[in-house]
Every structure is written in C-alpha cells, then in structure tokens.
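**Q** Predicted model follows, preceded by the sequence.
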Amino acid sequence: MNRPTPGSTPPSADRRGVLLALGIASAALLAGAPLSFYEEQLPGTLSPLYASSMADHRAQELVFDRLFFHSAIDNRMMSRLVEKGELADGGKSYRVTLKPGLKWHSGTAVTSKDVCFTVSAMLDPGTTSPIAEGYRGVLAGCDATTPQVATIRFTKVFHNPQERLMFSLLPAEKFAGKTAIVPDDDFSQHPIGSGPFKGNKGRRGVTFEAYANAHHAPTIPQMSLQEVQDPLVQVKTLQSNGVQGIIAVPPPYRPDVSASDDLQLKSYDLRSWWFIGVNTKKGALVERKVRQALDLVLDRSDLRQFTVGVKPGEQNSPCEFISGPFVQSSPFYNRQVPVKEKSDRAAATKLLNEAGLTQIGGRWHYKGTPVTLNIGMMASLDVEAPDLLTQVGNQLSAAGFDRQESKVSADDWARKVVTGKASEFDLLIGKWSFGLVEEVNDLFQTRSGTTTGARNVFNYSNSGADQLMVEYNQSRTDTAAYDAYHKLHRALAEDLPYLFLWKLDTKSAWRTEVRGNVIAPFNYWTEVDGWKFQ
Amino acid sequence: MIPLLLAYNVGCSGDEAALGSVDETPTPATSVPAELVATSWQVRMAKTEVRAPFEGRPSWVSYFGNRRDEALRAFKSENDSAALARAHTEYAAMYRQAALLAANATLQVYGADRQPTDPAEADYLLGVSGVLASSAEHAAKLGASRESRAGDIAPRDAAWSAYVAAPGAEAADKAAGVDRVAGALADLPGADRLTLELPLQGEPGTVAAGDPGELWALSRWHEARAREADPSAGETIDQALDPYRLPFETPPERGAAPATDTWLFMSPWSSAADVQYVANVAAGRDTTGAMATASLFAAVAQTCTREGNRLDVDCVVDEAAHVGSAIEDGMAAANGGQPDGFHRPFADYARAGVLRALDLVARARGDADASGRLRINALDRSLGAAADPLFYLFVAAWDAGNRNTPRAAEIVHQNLSMLPGLHLARAPLDALHVRLSRNAVPGVPMH
C-alpha cells in the first residue's frame, strides 16, 4: 500500500488487530448479510429540506423520491411518481397525475395532497431551509384537484418546468398539516419517505431496509451505512469483504483498488473544491495584506503531495489547484487569475511588514501580541487528505505563526460553522460540493437570515463582492452572469475570505459482487433499484 | 520496456506485504476461447522479441502516458511512418469527436434552449452543427447569416450553404476550409483557430462561440497527414476511423483492412479481427455471428447475447473482467509462467476495450440503455494507461448531446493541452453549461 506522506509508517499493532478482526468477520458477511458501505461521515439529518452535507444528500436519495430526476445513464428527465405531466395555465402551471399504488413507508397512499403539502412547506417562511429558499423564487402554490392530480403553480412561465420540480416529496400526514418544518424535527432522524429504502438513523450508522412499492423494486434487501475515519482500514475492510463499498477513495489508495480483480473504482461526478476559510473579523486577519501573506506562505504543491499523494508536475492529476471558488473546468472559473502553487516567503514577509506586523524571535506579532492561529478542519476531510490539518499548521508555524489545531465534527460543522457561529476559529479547512448549479452566493454574500449568505462560514462581508453577486442574480443574459462571476472570482482571489486550495475528484470503490451499480452524478443512489448484490 | 515497468511498479510497491490479509479470490476462467486470447497483441507481445521493436522508444513511452502530442512528434523523430500514420489517425478521430461535441452543444444551447438575446449568427452555428450531426432541420438555418457583419461569418455561411446545395466529402472540406489549416507532419495545428465573439441581440456584450466546422477541418487535416505519412495504409486508416465518424459521413466502401502491431499496440482492440468487428458494428453491420470465431470481442458479444438479440450488460461486465484475467494469464504463460509488472496495465486496455466495443454493438442493435450502461462501465475501466483520450472525447460528445455538461467540461479541460484546437469545442459547451445551470432551481453547496 502506498502511503502518501514522507514520514509514513507501517500499520500499528492496534490497526493490525482491527484488520484481522475485519477479516474474520468477513466470512459471516458473505451469507446474505446486508450490503454495507463506508460513507465520508454519518449523515446529520435525513430530512431532505435540511441536507447540508453530501452524506446527508446521498442518504436521503435512498429514502425519498424526487418528483422528477435526471437519468444517470443519459440524463433524460424522468419520474417514478408521475404518470402524466402537462403544462397548464398558459405555461405558468404544471399538472401532474401520480401513478397509482404509490405508498409511503408507513403504508398509506401517496396522493396529490402530499405534493401540495411539500410545495406549501417549502413556501412557508417558517421552514428555515436554504433548499426551500431556492424554490421560493420558482414555486407559487399548488392545488390538489383529485387524489391523483396536483397542479403546481410557478412564479412565471418557465420553458423547462420539470427542471423546477426536482424536490423530494414529503408525507403530509407525518406533519399533521403543519407546513413550517424545522431542522430538529423527529422526522430528520426517523423519516418516512416513498423511496426504495426505509431509513433509520442510529448513533453509529444508518440502516436502510428495502421497501417494495409500485414504483420501486430494490433487489438488495438491506443496506448499512457506516463511518470509519481511517482510509487504510476502509480499503482493507473492502478488500476482505467486510464492507462492499466506499463512497470516496482517497487518491493514494486508488492504485491498490484498481489492481484488484475483486474491486472496481467507479467515477462519481461531483464538483468539489477545498478551501481554508479565513476569519476576516478577527485579529490580524482583518488586514487584507495579512490574508494575502498567508496565501503566499502556503505551499500548495507540498500540501498536495504530502496529503493527497500527488507528485509535482503529475499530469491529469485528480487534484488540481484553483484560484477562486470554482473548479477549473467550470465556465465560471476566471482563467486569468493564476493559481499559487509554491510559497513565496519573501513576498509574504513584505506584506506582513506592510500590514504592521513585526517578527520577534522568529514569531510574528500583531499590535505587540504574538499571532496565534486557531485552525479547524472538517474531520471527515482527514480521510481524503490525511494529515492536511497538521501540514497546514506546520507550514504556518514554519513561517512564524503560532497555531492551535482541532478537528470539527460533522455535527459541529453543520451546526456552528455553516451557520457562521464558529468565530473562535481563525482558519477553517473545508470543502464544498456542487452539482450542475455552481452558485456561490450563499458562501460569500453578506448574511441575512436564510435569504442571503446562508453558508457564509465567518460572516464575510464585502460590499464590492455583494454587488457582483447581485449582478449575477439579476443578470438578464448568460454573458452578464458569466462576467459577474469572473469578476467575483478575481475579487475574492484578492480579498481572500478563503485561501483556495484545489479541486479533488471523487471515486468510489465497490466489490465486483455488487452489480448494476450505476452511480448518478451528485445524487449517487438514483439508480439503486437496479443494483444487485450476489 | 523499462520506463513502462517502472511507472507501473511504483504504484504497487510499499507496505502491502506487511499487512498480508488481502483476499486473493481466484478469478473464474473466461468463457472466451483460449485461442482467441492467444491472438491478442498483449499475449503475443508478452514475448520480448515481439515487443523489441517498440521497447524503450520515447514515442511509445509517451503514448503509454497518454501524452499523445509528445508521442506524435516522437514518431516523426524516429521516422516511424506507420506509427505516425496511426497517431495522426487518432488525432483525426479525436477532432471528429470534438466537432460532434461542439455540434451537439450548439444544437442544445442555440436550438432547444435558444434565448431571444442570443446572437443572430447562432443560426449559422446551428446550420453547421446540423450538417455535421445530420439534422436537416438545423442545417436549413444556413443562409440566414449571409449578411452578418460579425467576423467572417458571412463567407462561412455561404461556404456551408454551398455544401448543402451540393454535398460531398470535398465540398465539406472546402466549406470547412481544410486547405487553410497549415502545418507539417510533426505539427499539431489548432491553437491559432480563434473562437468567434458574437454580439448579443438587444443586450450589451458578446458570447464566445466555436465553429464546429473548424474542428471538422482539423480532423480532416490530420487524416490527410496520416495518409501522407503512410500512403499504403489507406484502408487501415479508414477502418480505424469508422467508430468515430460523424453522422453526416458515409464510410468508404472497403473490405477488411489489415491492422499490424503498430496499429494494435496499446490500443483497446486486441486483434486485427477486433478492429474489423468494431468498424463493422460502428457502421451498423452486426457481424457478431460471422466473427465470433475470429474476434475475441465478437465472441464475448455472442456469449452475452440473450433473447431478442439483447446484450446482457452484467454478462459483458463479467466477461470484460474475464478477458482481462485471461490475457494476464496468457502473458504470464508466454513469459515462462512469470507475471510481470506491465501485464496488468496492458490487460487493462482489453478490459476497457471489450466494454467499448460492446457499447457499439448495443447501439447498433438499437439498445440505447445497454449502450449507455456499457459506456459508463467502460469509462470506469479506462484507468491509468487505458484512459484513452479518444474514448473520453467520445463520451464527452455523447454527454453534450445529453445536456450533461459537468463531465463533458471536465474531459475537455483535461485534454486542452494535448488537442490545441479543443478550445473551439469548449466555447459552446461552456455556453450550454451556463444556460442549464442558470435555468435550474438554485442549488445549495454541500459540505
């Protein structure tokens, strides 16, 4: 097994014990045990309105149906729920007729009331969901005309109405007609959906039991989602058939997986980029020149080599540097803004001096006090980029900054970081993942409730950047939108609320006994009915 | 082939042995006849003396690393005219897929999703795309831009209108301006082909557009260089291009053409018979029954054909793995029973190749779902050296037609440096992506 970091060591005795135990356990798992897989982290919620992580989002795809979805094979618009769909009201409404015999996991029928309840819940301002917020500019209401027929009203005529109806369906009866749905509702732990599996979230994992329905016939009877933080343990357990899949295999482990006849790497199309968020309201980081200096202190090439295992100059690397909040392949990426691969200590020192910092005994001081950077990292990132937190800390320390390091649990990340309440940190290492839509306004716009800046981690606020994001939102042409985001890219690369790191592609690994396992872009489990485990 | 072996062994070294507990379940024997496995280039070239003409050459080392631009230039430096013909043929195929990608994206963004503010010259782009993609409805848009004052759109429109009036291979070349592509045998033209900045209607600003016809011109230029490099390989070149021809092309009439080891080495097709079989099915001639005793891939197709002439996707996926294992076994046997570091990456070409070939078989049989599933499986199997940029562009062109822009954009981005004219395809793909992205419900970034 290739270990990425120069100082890597063979597995410890403890780890060998775990691996041995997993090998013994694997014999039992061959006899009709559920299909088990490792997620990046445990989902925080199973309520589709409140997904904040990709683990949340993927788990919800197993439990819920979206009204419409794209085929994972050829991207065709499809629906498992809708028998017939037609434009109404001169194109300002869309009438759906549900298929007969659809059931919720509680056994009650799925009806048009559920469709309209879902629309109402998303339109209710008491539903504090950023996902619902996105639909509020699109949906105007819904009328259930018969138990099978619902007419969904839009705010205006859209030429592609089905694209606006890709939300997950919620059961009206579970909420007793109350359309203001809050994040900590019991539903988020014990949901009722109409998807292929009934989900049950426990403290150490999530179990999914197949639920035969008129529109679903999953062949895998049971699935089990687990979390293990050590990628080596993940890969070894997969090799010994202790689990059958890993959602995200770190690049250094991919050669081993692809060299095995029992395993297969599977592409998972997801646009993910990594960053170090900078607390622009705290201490020396208030100074833009200090942020720019930190950007120059970082040696991204070394970070990538020592954590992701990519050697300098490697072609078509799974990990590609970025200079702004988009992946390089995106049209929104401003290719005129260069990436910074190597550190430039001299330029960083000059900027720090200009910002009024002084170096005493090799340590940087701001207003007479040593600068100590409190660095946090989303804990699950340690799987994909082992030791990243330490490596970042080491580089900053070598440049003359004291540092404290800690990992942030998935729960704290969702509860505190995303909501802008982690002000004790100076720097936070994280990643964001996107599907087709790459809007970043939630990340950088001045926060205002759930309306704008809902995921602005350090409550960054810059009127110039805000203006560009408004321009993007209000642009009448694609060209204007494209221009606005190109300018935003440049502005953020100068002001640096984030130190932008890289895009890292995602690959899953599955045992070859798992068949028919087509992975849907972004949503992952869309085709799970066709998966087989023999 | 020392450089190749080194490249592979690095990935397999380390502390694996120290852990020990890897499950080494034996792979089931392939159902494909051993005699066909023995005809594969991998097994034949496992013998040092057969591989000797290729050993240690910078050209093939670059090819193994999928640095096709370096490989092409090195073939020229080494005066290997046959290999140079193959390299130019593959460039011709890649530019054909780039042209199809650009055409498909254009048909979506300025056809299905057209906006009133789009440039008036979108009609011209639709027209050229319609020609290349064989859409008469869109080709009929040609002529509408004959008065355009944007760049040289008007003469381009006139040229392609002339093609529609009197179609033919030469007319298409003339319309695309193949004679304006300049370069010598070791050159890779394309970087100088500029995107068009077309003014929006009723709004300020311009939009960058790429003319799919220019990509067709680059493809035809490389095809001509292939024929120039090896004038004796005309039918081999035609045959190699068949799986990648554009919908508006008529494949030239010919019999089965030869494919020497220069054409097979590090290719997805395991034998000359496979090349012929793949060319046949790509042209819509399902010769599975007739070729099952000669072509490994046809044999797999026959094994996995079910009632109603339907391909069993799971069977094909299994057989692709079995073929790979059988080839590795065959290579080891040819090497005195000793496995070697390069055996697996060489067998990986066939693992992906079986899936790629049978994708085309499924398509020839009208089974789009099986075709798509096999294509995605082939993509997953196209790893390391077997990550053929030509296949990736083939997938990207399909994606563009399916309005699946993120994967296509990534593929284009990864291949820009190798294919200097590919930026022309990126322009319409970017336009489509931005449009689709803005027409979807606002998304929420996930951590």
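**A** Nice, thanks for sending it over.
**Q** Could I get the contacting residues of A:Phe434?
**A** A:Leu270, A:Arg271, A:Ser272, A:Phe522, B:Gly443, B:Pro445, B:Met446 (Cβ atoms under 8 Å, 6 or more residues apart in numbering or on different chains). Every residue, glycine included, has its C-beta placed from N, CA and C.
**Q** which of those tops the neighbour count?
**A** B:Pro445 (26 neighbours; other Cβ atoms under 10 Å in any protein chain shown).
**Q** nearest spatial neighbour of it, skipping sequence neighbours?
**A** Take B:Pro445 and drop its neighbours on the chain: the residue closest to it by Cβ to Cβ, 6 or more residues apart in numbering or on different chains is A:Trp432, 4.2 Å away.
**Q** Check the secondary structure at that neighbour for me.
**A** Under DSSP: H, G, I helix; E, B strand; the rest coil, the three-state class of A:Trp432 is strand.
**Q** Dihedrals phi and psi, A:Ala385?
**A** Per-residue torsions, A:Ala385: phi -130, psi 80 (degrees, to the nearest 10).
**Q** Ok, the one 4 residues further on next?
**A** Phi and psi for A:Leu389, reported as degrees, to the nearest 10, are phi -60, psi -50.
**Q** unless I'm mixing things up, it is touching A:Glu405, no?
**A** Yes - contact criterion Cβ atoms under 8 Å: A:Leu389 and A:Glu405 qualify, at 5.3 Å.
**Q** overlap in contacts of the two?
**A** Joint contacts of A:Leu389 and A:Glu405 (Cβ under 8 Å, 6+ apart) are A:Ile375, A:Met377.
**Q** Tell me the strands beside whichever strand or helix holds A:Phe208, with direction?
**A** Assigned by DSSP states H and E, A:Phe208 belongs to strand A:205-210. Next to strand A:205-210 in the sheet, as set by DSSP bridges, lie strand A:197-201 (antiparallel), strand A:222-227 (antiparallel).
**Q** Below-threshold pLDDT in chain A: ranges please.
**A** Under the criterion pLDDT under 70, the flagged ranges of chain A are A:1-33.
**Q** Point me to the residue of it nearest chain B.
**A** Per Cβ to the nearest Cβ, A:Val437 is where chain A lies closest to chain B, at 3.1 Å.
**Q** So the closest residue to B:Gln97 other than its chain neighbours versus chain A, what's the distance?
**A** Sequence neighbours aside, B:Leu393 is the residue nearest to B:Gln97 in space, at 4.0 Å (criterion: Cβ to Cβ, 6+ apart). Per Cβ to the nearest Cβ, to the nearest Å, B:Leu393 is found 14 Å from chain A.
**Q** Quick check: B:Leu393 is in a strand.
**A** No - assessed with three-state DSSP, B:Leu393 is helix; it does not lie in a strand.
**Q** shouldn't it be in contact with B:Met94?
**A** Yes - at 5.4 Å, B:Leu393 counts as touching B:Met94 under the criterion of Cβ under 8 Å.
**Q** shared neighbours, those two?
**A** Shared contacts of B:Leu393 and B:Met94 (Cβ under 8 Å, 6+ apart): B:Asn415, B:Leu419.
**Q** which of the residues in the host helix or strand of B:Arg225 are buried?
**A** According to DSSP H and E, B:Arg225 maps onto helix B:212-229. Using 16 or more other Cβ atoms under 10 Å in any protein chain shown as the test for burial, helix B:212-229 gives B:212-223, B:225-227, B:229.
**Q** Quick one: the strands in chain B, in order.
**A** B:196-199, B:206-209, B:305-306, B:310-311 (DSSP state E).
**Q** any idea how far the residue nearest to B:Gln97 lies from B:Glu410?
**A** 12 Å (Cβ to Cβ, to the nearest Å).
**Q** Between these two, which has more neighbouring residues?
**A** B:Leu393 (26 against 23).
**Q** any idea of the pLDDT on that one?
**A** According to the prediction, B:Leu393 has pLDDT 98.
**Q** and it, what does it touch?
**A** Here B:Leu393 is in contact with B:Met94, B:Gln97, B:Ala98, B:Leu101, B:Ile411, B:Asn415, B:Leu419 (Cβ under 8 Å, 6+ apart).
**Q** So for the fifth one, what's the nearest residue that isn't a sequence neighbour?
**A** Just to be clear, that refers to B:Ile411. For B:Ile411, the closest residue by Cβ to Cβ, 6+ apart turns out to be B:Ala396, at 4.1 Å.
**Q** Hmm, that neighbour is touching B:Ala408, no?
**A** Yes - if you go by Cβ under 8 Å, B:Ala396 and B:Ala408 touch, sitting 4.1 Å apart.
**Q** Give me the spatial nearest neighbour of the closest residue to chain A within the stretch 101-250 of chain B, chain neighbours excluded.
**A** In the stretch 101-250 of chain B, the residue found nearest to chain A is B:Gly205; the distance is 4.1 Å by Cβ to the nearest Cβ. Of all residues not flanking B:Gly205 in the chain, A:Thr479 sits nearest, at 4.1 Å (Cβ to Cβ, 6+ apart).
**Q** doesn't B:Leu200 make contact with that neighbour?
**A** Yes - here A:Thr479 reaches B:Leu200: they are 6.1 Å apart, a contact under Cβ under 8 Å.
**Q** Now do the shared contacts for the two.
**A** Shared contacts of A:Thr479 and B:Leu200, counting by Cβ under 8 Å, 6+ apart, come down to B:Thr206, B:Val207.
**Q** so what does the helix or strand containing A:Thr479 touch, helix or strand wise?
**A** Assigned by DSSP H and E, A:Thr479 belongs to helix A:478-495. Judged by 3 or more Cβ pairs under 8 Å, 6 or more residues apart in numbering or on different chains; DSSP states H and E, helix A:478-495 is in contact with helix A:288-297, helix A:463-474, strand A:498-504, strand B:206-209, helix B:423-438.
**Q** Please convert those to TSV, extending it with distance to B:Glu137 and mean neighbour count.
**A** Converted to TSV, these look like this (distance: least, Cβ to Cβ, whole Å; neighbours: other Cβ atoms under 10 Å in any protein chain shown):
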stretch	distance to B:Glu137	mean neighbour count
helix A:288-297	52	22
helix A:463-474	34	16
strand A:498-504	38	25
strand B:206-209	20	21
helix B:423-438	18	25
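**Q** Format the ones you listed as TSV; extra columns: distance to A:Lys340.
**A** Below are the helices and strands packed on helix A:478-495 laid out as TSV (distance: least, Cβ to Cβ, whole Å):
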stretch	distance to A:Lys340
helix A:288-297	6
helix A:463-474	20
strand A:498-504	9
strand B:206-209	27
helix B:423-438	24
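**Q** Tell me which of those lies nearest to B:Ala71.
**A** helix B:423-438 (21.2 Å; Cβ to Cβ).
**Q** Would you tell me which residues of the stretch 251-400 of chain B are close to chain A?
**A** Proximity of the stretch 251-400 of chain B to chain A, by Cβ under 8 Å from any Cβ of the partner chain, involves residues B:313-314, B:317, B:321, B:324-325, B:344, B:368-369, B:372-373, B:376, B:379-381, B:383-384, B:387, B:399.
**Q** phi, psi of A:Ala520?
**A** Main-chain torsions, A:Ala520, degrees, to the nearest 10: phi -80, psi 140.
**Q** Pretty sure A:Trp531 is one of the things it touches, is it not?
**A** No - contact criterion Cβ under 8 Å: A:Ala520 and A:Trp531 do not qualify, at 11.5 Å.
**Q** quick one on the thing from earlier: farthest pair in the contacts of A:Phe434?
**A** A:Ser272 and B:Gly443 (13.4 Å).
**Q** Quick one: name the residues of the stretch 101-250 of chain A near chain B.
**A** A:130-131, A:133-135, A:137-138, A:158-160, A:163-164, A:166-167, A:236, A:239-241.
**Q** Among those, name the buried ones.
**A** Using 16+ other Cβ under 10 Å as the threshold, A:130-131, A:133-135, A:138, A:158, A:163-164, A:166-167, A:236, A:239-241 are the buried ones among those.
**Q** Name the nearest of the residues you listed relative to A:Ser260.
**A** Using Cβ to Cβ, A:Gln239 comes nearest to A:Ser260 of those, at 6.6 Å.
**Q** Verify the contact between that closest one and A:Leu263 for me.
**A** Yes - A:Gln239 lies in contact with A:Leu263 (Cβ under 8 Å); the separation is 6.9 Å.
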